[in-house]
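1. Need coordinates for the following:
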Amino acid sequence: TPPPANPRGGLVAPVGVSVGAAPRVFVSGAGGVLGAAPATDAVDGAVARARGEVTTFGRILDPFVDKVLVIGTLLFLLGRSGSGEPPTGPGVTPTIVAVVAFRELFVTALRAEVEKLGADFSADRLGKAKTATQCVVLTGVLLGLGAGLFADSAWRLARDASLWGMTLLTAWSGVAYTARGFRAIAGHSDSEADAVTEEEG
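-> Numbering: from 1, shown residues only. You can find the predicted model right below:
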């Protein structure tokens, strides 16, 4: 039985279309769509569990869709940050994009490797908190950009603090996932070694 459809998959295109147009009303609309994305996490997960259709493919696809949304939004905001709008622009820097993108892509590759070994590497509480924080912060930046709030220094301070806080949480969760993944891989290797020893004995 194929895994249940991920409702968030349909959010990628609207966000891309909205931010691609770039007028303020569309930027605000994209922020609203992105803000709704975390709410579907509980829905699709509950449906999959209720129907007994939690699969390895679903465990990999679900966070992958989150990463497409987050990295895509960051790339758009980075483009706006470099288009002559600072300091009233979105405030996203190349460092923020690099840290977040590296963490997300590395954890995706690590997840695929661990799941291939038969272990469950689904998102934990820290990972879910990280994703929710990313969506909340980036939604706020999109809405603030659309409303022209960053002309005010207080809003710019809140924007920058939120973006860098999000980045630190993302990096922290990446370290935690890396340790968890390497433990899973090491445990699998130890199990294989024990099995070989038993066979030889």
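
2. Where does the prediction get shaky in the protein?
-> Counting by pLDDT under 70, the chain has low-confidence residues at 1-26, 28-30, 32-33, 35-42, 44-46, 48-49, 53-54, 56-60, 82-86, 189-201.

3. Helices of this structure, residue ranges please.
-> 12-21, 24-36, 39-50, 56-81, 94-116, 125-147, 153-200 (DSSP state H).

4. Figure out which of those helices is closest to Pro87.
-> helix 153-200 (5.9 Å; C-beta to C-beta). (C-beta placed from N, C-alpha, C; glycine too.)

5. tell me what the closest one is packed against?
-> helix 94-116, helix 125-147 (3 or more C-beta pairs under 8 Å, 6 or more residues apart in numbering; DSSP states H and E).

6. which of those helices is buried the deepest?
-> Ranked by mean neighbour count under mean count of other C-beta atoms under 10 Å, these are led by helix 125-147, which reaches a mean of 20.

7. picking that back up, adding distance to Leu169, write the helices and strands packed on helix 153-200 out as a markdown table.
-> A markdown table is the format used below for the helices and strands packed on helix 153-200 (distance: least, C-beta to C-beta, whole Å):
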| stretch | distance to Leu169 |
| --- | --- |
| helix 94-116 | 10 |
| helix 125-147 | 5 |
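
8. Could you name the stretch from those that's closest to Gly181?
-> Using C-beta to C-beta, the helices and strands packed on helix 153-200 put helix 94-116 closest to Gly181, at 4.2 Å.

9. Next, the angle from that closest one to helix 153-200.
-> 30 degrees (axes from the mean of the first three to the mean of the last three C-alpha atoms, to 10 degrees).

10. For helix 94-116, name the packing helices and strands.
-> Helix 94-116 packs on helix 56-81, helix 153-200, going by 3+ C-beta pairs under 8 Å, 6+ apart.

11. can you redo those helices as CSV with distance to Ala132 and mean neighbour count?
-> As requested, those are exported to CSV (distance: least, C-beta to C-beta, whole Å; neighbours: other C-beta atoms under 10 Å):
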stretch, distance to Ala132, mean neighbour count
helix 56-81, 10, 19
helix 153-200, 10, 14
